[in-house]
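**Q** Any chance you could fold what I've pasted below:
(chains A, B and C)
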Amino acid sequence: MSIKLGDTPYVERVQEGLHNDFMRQAVASAQGRFRSGKRKRAEELGNWEEWRSLGEEIRTHTLENIDYYLQQLSDQVAERGGNVYFAEIPEEANNYIRNVVKKKNGKKVAKTKSMVTEELGLNEALKKDDIDIVETDLGEWILQLDEDPPSHIVTPAIHKDKESIKRTFTEKRGYQKSDDPEELAAFAREQLRQEFLSADVGITGCNFAVAESGAITLVTNEGNAEMVTALPDTQITVMGMERLVPTWEEMEVLVSLLTRSAVGQNLTSYITAITGPRLEDEIDGPDDYHLVIVDNGRSNILGTEFQSALHCIRCAACINVCPVYRQVGGHAYGSIYPGPIGAVITPLLDGYEDHKELPYASSLCGACTEACPVKIPLHEQLIRHREIIVEREDLGSSSEKIAMQGYAQWASNPAAYKLSSKMARTALKPWTKGEKVTNGPGPLKGWTDTRDFPAPSKQSFRAWFKDRQKGGEV
Amino acid sequence: MKVSLFITCFCDLLAADVGKNTVELLEHVGCEVDFPEQQTCCGQPAFNSGYLQESKKAMKQMMKAFQYSKYVVGPSGSCVGMLKEYPKIFKDDPVWRDAAQDLADKSYEITQFLVDVLGITDVGSTFKGKVTYHPSCHMTRILGVREAPMKLLRNVKGIELIELPVKEDCCGFGGTFAVKEEALSTAMVEEKSRHVTETGAQYLVGGDMACLANIGGRMSREGKHVKIAHITEILNHH
Amino acid sequence: MAIKNRESFLNNLAANLGRPRRKQGVERPTWSFNPQQEVLKGFTQDDLVDVLEKQCDVIHTTFKKTDLAGLNDTLKETIENYGNSIIASNDSRNEEYGIGDLLSVMKQNNPDMEVHFWDSSKDKENQTFAERADIGLTFSDITLAESATVTLFNDKDNGRSISLLPKTYIAIIPKSTVVPRITQATEKIHKANQRGEKTPSFVSFISGPSNSADIEMNLIVGVHGPTMATYILVDDM
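**A** As a prediction, this is how the structure comes out:
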């Protein structure tokens, strides 16, 4: 996988989403639960806005000093006997990881859910060496068996129903029980336990790396990250370069914001911090530890007006409140990063050409900005993308450009504007039935295909106002 | 108190009654209302589409039109919200910076003006009927006006207010989004229409006429008989 | 150990930020807000225990309260409920709390009972036992009331497998270890780090049994880690 998912055009992806009734219903119900869970946790704290401000401040400081903190982090990991590799592009990261696995003569890799490894296409790269890669997050494992991409960054298999999961388990793993979620999960536990125990190498992502001590924090509910880091003798952590905090004290704040925003939990069942390889006489944990720090386009965002997009802690709060995501689901975005944050970072990481529609897949309602626990101004960044698309990249439509130039003329010329106010009713008359327009012309068609449009009032406001002034009120 | 009406282009062209109700309501609470004729559109259609240069032409016109006003009051959370963004947009423009700040500082959405500036929460209106209220996105999130409309509605005699399920979700209007992303917009407004129906309300009330036209237009197309009413219509009903 | 590609990578970041590389002298600022310090502020130890107990409900964890004299019975009952084989950390508190004695008595009375204390000289045998054990037993090093979390500083005597691989998990929580929230735990680690003490290779914050909502958002308790958990709070104050 890479950032871009497949070649289906945007319009078709949207239609696929809109016609997937199960997915839409599942997403709506999940959003309901996520939202109320988050609301409750935020209300309990009573000062959620202070938490958000602190989160934003921590992220801003860290990003402004990212070179310093990455240097400190890598020094600390090395001091504890770990290896650190800085990779600017996916090939560098993938080749390094392939080499580590090769050197260990590894046959099987157990992995935790990690968005950055999806970006890298790491699984595909390892497959070239005939390595057996096992995704161990339940949702990711289901998707891996079914060869389907994730549609949400926290609950990746949200678009799948239990019948189809049962079918996948049966076809790929000989499952013979019912579609009861408990039974399905019990089967996954049993199957994956064997994978954990027989894996040669464990690969994880990273929620937050703590610069002061070299600790890597992983946040899960299932306990798979603990398995992956405890059992194999070789351990590789892959992190996006910005997933970093100065000290344990900031890690705690961001973890608290993450778990509350993502799933409405005070903390998830497992928060784990691993530091380097196991110490002398320890039995669990790796004896060989590698940290791979990935750029993959992030550095280009530094120093630009989009820098705060790198503050993202991947909680999906913006996705859970997004009314567009609600209707079309994650695959419609055509990116491993869906929803509002996906629409912001996908063009930044992977270019406008393939993703120029994403900034428009928003009504700019601002729910995302309001939900973001680290205060990324998401909807404002979407507007900024639109500016770049029409001005710098020149990827806008020429009819829209002409329309907007006409708009500017109209809105800056009071006489012309006044005339249109006066003439509106007459102009729309051919399409007006009673007090509504049902099959409007030109751009109105997009509206009236599915909705009635109000007919302009009989007496314009301006005429009314003038009349009553003349009417001689004292 | 002297107040200038910012009617918004949507109401100027399409929904004159909203302007009339706003004027009468303001006069009812003792304001003297004028209407600066040089006003046009706040610039939002171009601004939100990424046409910054084009949008600025509209914005400059608005700053000129209202330069002599003491208070600017409009019947739209979204359009007033746009005026509040002017200082950010013109922050590096030495010519327009001060005018942008001035207009932003003196502009209010009508319910915000009544409650926060005038301190009025009961305008003495009577309205009999089952009403559900849609809190439009820019009113709540850009402008931060959440409580004012509810305070005023709760004091209307005879009104029966019913909470709208999933009220925080956008109705799918979103300006040019409604036509540019027709499929998405329609899916969103279909869901909104469903929630309005679930309430059993006779009237759908809101503070942004464009959102109401979107929801009302969908419900009318679906053959549903819920009437839409701008909040000023309810507050100016005696 | 090796650090590769660092210089060019970090130089590029500094260049994009439009300033020279920062190699030293960066200080953490004083943050404008510290809301994390306000949570459960001023709560007595008993208040915190109440919060902990309530939160255990939320995280599907059985909560039991006892004192040193009552621990024997409470623990015995919990173990009998969970199974026959148990792996416990090699904790200095085992003797103090009478756990060693209890387990050997239980073993004498029940021929099916298997007991294993973590033993770093036995290498992977520890994991193998943990994998088939019914119960993992550890002490909590710091206990977080707000989230009902036990904090484990894993080391050579307290392998992380103990709380992870067995079917169920029991945590002994000395009352004195209860603090308001994760803030106090990370502050302690941060301060130790500043004093130059080595951070444990593995710090676990565990809040109840493992779970997942990945199948149609149904909450399933017990996925990869333990499927059931009991916290036994012991009054040591």
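**Q** So which residues make contact with stretch B:109-123?
**A** B:1, B:3, B:22, B:25-26, B:28-29, B:71, B:73-77, B:80-81, B:108, B:139, B:143, B:145, B:147-149, B:151-152, B:155, B:207, B:231-232, B:235-236 (CB atoms under 8 Å, 6 or more residues apart in numbering or on different chains). For every residue, glycine as well, the C-beta is placed using N, CA and C.
**Q** And the nearest residue to residue A:154 once chain neighbours are set aside, how far from residue C:144?
**A** Among residues not flanking residue A:154 along the chain, residue A:316 sits closest, at 4.4 Å (CB to CB, 6 or more residues apart in numbering or on different chains). Residue A:316 sits 24 Å away from residue C:144, going by CB to CB, to the nearest Å.
**Q** Same question for residue A:103.
**A** Distance from residue A:103 to residue C:144, by CB to CB: 40 Å.
**Q** neighbour-wise, which of those two wins?
**A** residue C:144 (28 against 10; other CB atoms under 10 Å in any protein chain shown).
**Q** Just the closest residue of chain B to chain C, please.
**A** Nearest residue of chain B to chain C: residue B:166, at 17.0 Å (CB to the nearest CB).
**Q** In three-state terms, how would that residue be classified?
**A** Using DSSP: H, G, I helix; E, B strand; the rest coil, the three-state assignment for residue B:166 comes out as coil.
**Q** That one: neighbour count?
**A** Using other CB under 10 Å, residue B:166 has 16 other residues around it.
**Q** From the structure, what's the count of residues near residue 58?
**A** Since you didn't name a chain, this refers to chain A. Residue A:58: 23 neighbours (other CB under 10 Å).
**Q** The intended chain is chain C.
**A** For residue C:58, the count of nearby residues is 13 (other CB under 10 Å).
**Q** Excluding covalently adjacent residues, which one is nearest to it?
**A** According to CB to CB, 6+ apart, the nearest residue to residue C:58 is residue C:148 (7.2 Å).
**Q** what's the distance between the one you found and residue A:104?
**A** For residue C:148, the distance to residue A:104 - CB to CB - is 39 Å.
**Q** If you count surrounding residues, which of the two has more?
**A** Comparing residue C:148 with residue A:104 by other CB under 10 Å, the one with more neighbours is residue C:148, at 26 against 14.
**Q** so what's that one up against?
**A** With the criterion set at CB under 8 Å, 6+ apart, residue C:148 makes contact with C:52, C:55-56, C:58-59, C:61, C:63, C:207-208, C:231.
**Q** could I get those residues as a markdown table with secondary structure, distance to residue A:116 and pLDDT?
**A** Conversion of the contacts of residue C:148 to a markdown table gives the following (DSSP: H, G, I helix; E, B strand; the rest coil; distance: CB to CB, whole Å; pLDDT from 0 to 100):
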| residue | secondary structure | distance to residue A:116 | pLDDT |
| --- | --- | --- | --- |
| C:52 | helix | 36 | 98 |
| C:55 | helix | 32 | 98 |
| C:56 | helix | 35 | 98 |
| C:58 | helix | 31 | 95 |
| C:59 | coil | 29 | 96 |
| C:61 | coil | 33 | 98 |
| C:63 | strand | 38 | 98 |
| C:207 | coil | 26 | 97 |
| C:208 | coil | 28 | 95 |
| C:231 | strand | 35 | 98 |
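**Q** circling back to that earlier point, go ahead and confirm the residue nearest to residue A:154 touches residue A:340.
**A** No - contact criterion CB atoms under 8 Å: residue A:316 and residue A:340 do not qualify, at 9.9 Å.
**Q** Who has more neighbours out of the two?
**A** residue A:340 (32 against 29).
**Q** how deep is the closest residue to residue A:92 other than its chain neighbours tucked in, by neighbour count?
**A** Leaving aside its sequence neighbours, residue A:92 sits nearest to residue C:5 (CB to CB, 6+ apart; 7.4 Å). As a burial measure, residue C:5 scores 16 neighbours (other CB under 10 Å).
**Q** and residue C:5, how far is that from residue B:160?
**A** 68 Å.
**Q** And residue C:43, by the same measure?
**A** On the measure of CB to CB, residue C:43 and residue B:160 end up 44 Å apart.
**Q** Quick one: residues contacting residue B:132.
**A** B:161-164, B:196, B:199, B:201, B:203-205.
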